[in-house]
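Chemist: model the structure of this input:
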Amino acid sequence: MKTVMNNHQKITCPICGKQNTWRPENQFKPFCSDRCKLIDLGEWASETRTIPGNPLDPDLNIAVHHKEDE
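Modeler: Numbers count the residues shown, from 1 in each chain. Okay, the predicted model is just below:
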């Protein structure tokens, strides 16, 4: 009889805190579900979730190059 080792990493959902297993077939990773994934997306969209850092200079203008403008 062959023993299969379970080397899947245990993770915690960053939204609800539920324990989960990091599996390739989990399409929502690092979240436990589509619901938690959408909650996270909503927090980024509403700017309640941000990455800490210095604010950008509002006078800074960055030119965007589009391939179709060529």
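Chemist: skipping adjacent residues, who's closest to the most centrally placed residue in the chain in space?
Modeler: The centroid of the chain falls nearest to residue 30 when counting by CA atoms, centre = their mean (6.8 Å). Computed as CB to CB, 6 or more residues apart in numbering, the closest residue to residue 30 that is not its neighbour in sequence is residue 11, at 5.8 Å. Any C-beta I mention is one placed from the backbone N, CA and C, and that applies to glycine too.
Chemist: and the contacts of the helix or strand harbouring the one you found?
Modeler: Using DSSP states H and E, residue 11 sits within strand 10-12. By CB atoms under 8 Å, 6 or more residues apart in numbering, the surrounding residues in contact with strand 10-12 are 18-22, 29-30.
Chemist: which of these ranks first by neighbour count?
Modeler: residue 20 (21 neighbours; other CB atoms under 10 Å).
Chemist: tell me the secondary structure for the closest residue to residue 26 other than its chain neighbours?
Modeler: With CB to CB, 6+ apart as the criterion, residue 26 has its nearest non-adjacent residue at 7.2 Å, and that residue is residue 20. Assigned by DSSP: H, G, I helix; E, B strand; the rest coil, the conformation of residue 20 is strand.
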